[in-house]
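Colleague: Build me a model:
(chains A, B, C and D)
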There are 2 protein chains.
Amino acid sequence: MSAGRRTAPPEKALTRQAEDYLKCIYEIEQGGAPAATTDIAEQLGIAAASVSGMLQRLARLGLVSVERYRGARLTAPGRAVALQLLRRHRIIESFLVTKLGYGWDDVHEEAERLEHAASAELIDRMAEALGNPTTDPHGAPIPTAAGRVDERRLASIADLPIGARARVVRMSDRDPEFLRYLAKRGIVPGATVRVAAREPFDGPITLTVGRAKQAVGAAAAAAVYVDGAAREPRTGKV
Amino acid sequence: MSAGRRTAPPEKALTRQAEDYLKCIYEIEQGGAPAATTDIAEQLGIAAASVSGMLQRLARLGLVSVERYRGARLTAPGRAVALQLLRRHRIIESFLVTKLGYGWDDVHEEAERLEHAASAELIDRMAEALGNPTTDPHGAPIPTAAGRVDERRLASIADLPIGARARVVRMSDRDPEFLRYLAKRGIVPGATVRVAAREPFDGPITLTVGRAKQAVGAAAAAAVYVDGAAREPRTGKV
DNA sequence: GAAATAAGTTAGTACGTACTAACTTATGGT
DNA sequence: ACCATAAGTTAGTACGTACTAACTTATTTC
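Modeller: Predicted coordinates for the structure are as follows:
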């Protein structure tokens, strides 16, 4: 982990697994803190011990910096890899939905595999065929080929006060069931929702979507992001 | 969704490498004889010793039958895997050329990676978007989803007698340079060529393509296949 | 602040996939 | 038939990536 040594920038073909770790760490780090071993392990569905080992390897490759017993952060090269993967993932999802008739609830897994096999050229061609979109079907921003991306943290429905009206811009793409649940209730990117009521103690939130009223759980509400105020008072760092 | 079991039941997710071996063995076997260790090694660019080891593993999985010191043949399940890969490869190549503007000389490598990551559903959707083509951009027949394919052996230009006229139907897709060379001379699937002259001892063959005359080497001529008589008198097995 | 608990690490193991070196078997020339 | 060479195999090694078990460090709770 000590700096020094050259660490070769030339990107010598990472394994699928290494790439998955980097993407996972990136996503966890978006929460603000370094990625904890346990969180990575849970996210990837592997044992914590395996994560410890892999983090050392990634550190040896100069892709993460690890503070023992504290967690891992991406280095600049590691971050670049993660952003490329994110770009690939989101363009592939967009392409599958727009050009091949996939449902938005059904593309995550396919993209998860393809993102490791697609060349930069393929991704760029797909992006061009789509008109270089800036968000994927779930509203997630697509990093540019150069690795720039809007990382502002969005408020979720769970953060909205009663009476607030907001435009849905994004939701988690992990769970097809969840996405179908949302779609069936009209909760899709672009829709407008109003908070009609909310129960205390993380109770259900009642939304007005179109002219229908929906009660959704707090966990679901926290996974749907809306336009407007950032979730935390810290200034959004782009 | 898709109905009943046809071949081996479980299909427990082969590695990329195992899949590559199977495809490679299939291709070598098309020559008629079992796939020799050395041939596989050369084709895949690995050491012969590594092939010996892998063949034992594939045999243990019931995908190939190996006769010691003699070579390997695919079993029915192994053949099914290979044909699926071939289908994937060729549909992906077709899709890249037709829908994403790739050159026909430039798709092999990309397909080589994607074929291991694409789901059956993706392949079927791509095939449908293309109108379920029966051959890829290099004229290679595309196996059906059920694993049927035309395996007739074609005559190559090298097999044609002087004066013969034939329609080009297929060529090897391995080498982009080679494909560009052929295209530049009008030798593409569908073109008609006539053998104007041929030198003995595997010397160059002079072809008439359109109104131009071209002299091509024997090796190149042997990698371009034409309609008509099978290369060998054995009955074509489909 | 010490014990209980959670989080993280190391050690040892296993498997896939590659390698080289050394040995064995098959083949072809005389 | 015999030997030289080619082809193939085994043995031993290495690395990536996972695992469990046992240990260490950090955090929480009284």
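Colleague: list the contacts for the residue lying closest to A:Ala223 once chain neighbours are set aside?
Modeller: Leaving aside its chain neighbours, A:Ala223 sits nearest to A:Ser172 (4.6 Å; criterion: C-beta to C-beta, 6 or more residues apart in numbering or on different chains). Placement of C-beta: from N, CA and C, glycine included. Neighbouring residues of A:Ser172 by C-beta atoms under 8 Å, 6 or more residues apart in numbering or on different chains: A:His138, A:Phe178, A:Ala223.
Colleague: Just these: which are in helices?
Modeller: Counting by DSSP state H, the part of the contacts of A:Ser172 found in helices is A:Phe178.
Colleague: Most neighbours among the contacts of A:Ser172, please name it.
Modeller: Neighbour counts for those peak at A:His138, which has 24 neighbours (criterion: other C-beta atoms under 10 Å in any protein chain shown).
Colleague: Could you report the pLDDT at it?
Modeller: Reading off the confidence values, A:His138 has pLDDT 96.
Colleague: For the residue nearest the centre of chain A, give its distance to B:Ser172.
Modeller: Nearest residue to the geometric centre of chain A (C-alpha atoms, centre = their mean): A:Glu27, 5.8 Å. Noted for A:Glu27: a distance of 43 Å to B:Ser172, by C-beta to C-beta, to the nearest Å.
Colleague: domains of chain A?
Modeller: According to automatic domain parsing, chain A comprises the domains A:16-74, A:155-226.
Colleague: What ranges does chain A have for its strands?
Modeller: Secondary structure of chain A by DSSP state E: the strands cover A:64-67, A:71-74, A:155-156, A:165-171, A:192-198, A:205-209, A:212-216, A:224-226.
Colleague: Would you tell me which of those gets closest to A:Ala146?
Modeller: Ranking the strands of chain A by proximity to A:Ala146 (C-beta to C-beta) places strand A:71-74 first, at 17.0 Å.
Colleague: Now do that closest one, average pLDDT.
Modeller: The model assigns strand A:71-74 a mean pLDDT of 96.
Colleague: pull the CA atoms of that strand into CSV?
Modeller: Provided in CSV are the C-alpha atoms of strand A:71-74 (Å, rounded to 0.1, in the frame of the first residue of the first chain):
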residue,chain,number,x,y,z
GLY,A,71,-12.0,0.2,4.5
ALA,A,72,-11.0,0.8,0.9
ARG,A,73,-11.2,3.8,-1.4
LEU,A,74,-10.6,3.9,-5.1
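Colleague: Just confirm yes or no for it near DNA strand C.
Modeller: Yes - counting by C-beta under 7 Å from any atom of the strand, DNA strand C has neighbours in strand A:71-74: A:Gly71.
Colleague: Now the terminal residues of stretch A:127-142, how far apart.
Modeller: End-to-end distance for stretch A:127-142, by C-alpha to C-alpha, to the nearest Å: 10 Å.
Colleague: Now that stretch: buried residues?
Modeller: A:Ala127, A:Ala129, A:Leu130, A:Pro133, A:Asp136, A:Pro137, A:His138, A:Gly139, A:Ala140, A:Pro141, A:Ile142 (16 or more other C-beta atoms under 10 Å in any protein chain shown).
Colleague: any idea how far A:Ala197 is from A:Ala215?
Modeller: For A:Ala197 relative to A:Ala215 (C-beta to C-beta), the value is 8 Å.
Colleague: Common neighbours of the two, please.
Modeller: A:Ile205, A:Thr206.
Colleague: returning to what we had before: CSV please, covering the strands of chain A and showing distance to A:Ala146.
Modeller: Formatted as CSV, the strands of chain A follow (distance: least, C-beta to C-beta, whole Å):
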stretch, distance to A:Ala146
strand A:64-67, 22
strand A:71-74, 17
strand A:155-156, 28
strand A:165-171, 22
strand A:192-198, 33
strand A:205-209, 37
strand A:212-216, 38
strand A:224-226, 25
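Colleague: B:Glu67 is nearest to which of those?
Modeller: For B:Glu67, the closest of the strands of chain A is strand A:64-67, at 48.5 Å, according to C-beta to C-beta.
Colleague: now check that closest one, is it near DNA strand D?
Modeller: No - Strand A:64-67 does not reach DNA strand D (C-beta under 7 Å from any atom of the strand); its nearest approach is 9.2 Å.
Colleague: quick one: is that strand near DNA strand C?
Modeller: Yes - counting by C-beta under 7 Å from any atom of the strand, DNA strand C has neighbours in strand A:64-67: A:Val66.
Colleague: Would you confirm that A:Leu63 contacts A:Pro77?
Modeller: Yes - between A:Leu63 and A:Pro77 there is a contact under C-beta atoms under 8 Å: 5.8 Å.
Colleague: Which helix in chain A has the most residues?
Modeller: helix A:76-100.
Colleague: Could you figure out how far that one is turned away from helix B:76-100?
Modeller: Here helix A:76-100 runs at 90 degrees with respect to helix B:76-100, directions being taken by axes from the mean of the first three to the mean of the last three C-alpha atoms, to 10 degrees.
Colleague: Show me the shaky parts of chain A.
Modeller: A:1-11, A:228-238 (pLDDT under 70).
Colleague: Residue numbers of it in contact with DNA strand D?
Modeller: The interface of chain A toward DNA strand D, taken as C-beta under 7 Å from any atom of the strand, is made up of A:15-18, A:44-47, A:49-50, A:53-54, A:57, A:69.
Colleague: Helices - which of these land there?
Modeller: Per DSSP H, the residues of chain A next to DNA strand D map to helices at A:Arg16, A:Gln17, A:Ala18, A:Leu44, A:Ala49, A:Ser50, A:Gly53, A:Met54, A:Arg57.
Colleague: circling back: so which bits of the longest helix of chain A are buried?
Modeller: For helix A:76-100, using 16+ other C-beta under 10 Å, the buried residues are A:77-97, A:99-100.
Colleague: Now mean neighbour count too, for the strands of chain A, in TSV please.
Modeller: Output for those, formatted as TSV (neighbours: other C-beta atoms under 10 Å in any protein chain shown):
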stretch	mean neighbour count
strand A:64-67	18
strand A:71-74	23
strand A:155-156	18
strand A:165-171	19
strand A:192-198	17
strand A:205-209	20
strand A:212-216	15
strand A:224-226	24
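Colleague: Relative to B:Leu114, which of the ones you listed is closest?
Modeller: That would be, of those and by C-beta to C-beta, strand A:71-74, which comes in at 27.0 Å.
Colleague: And the residues of chain A next to DNA strand D, which two are furthest apart?
Modeller: A:Arg16 and A:Tyr69 (27.8 Å).
Colleague: Comparing the two, which residue is more hemmed in?
Modeller: Taking neighbours as other C-beta under 10 Å, A:Arg16 and A:Tyr69 compare with A:Arg16 leading, 14 against 7.
Colleague: Now do the more buried one against chain B, distance only.
Modeller: 9 Å (C-beta to the nearest C-beta, to the nearest Å).
Colleague: A:Gly32 now?
Modeller: 33 Å.
Colleague: And for A:Ala215?
Modeller: A:Ala215 is 33 Å from chain B, where distance means C-beta to the nearest C-beta.
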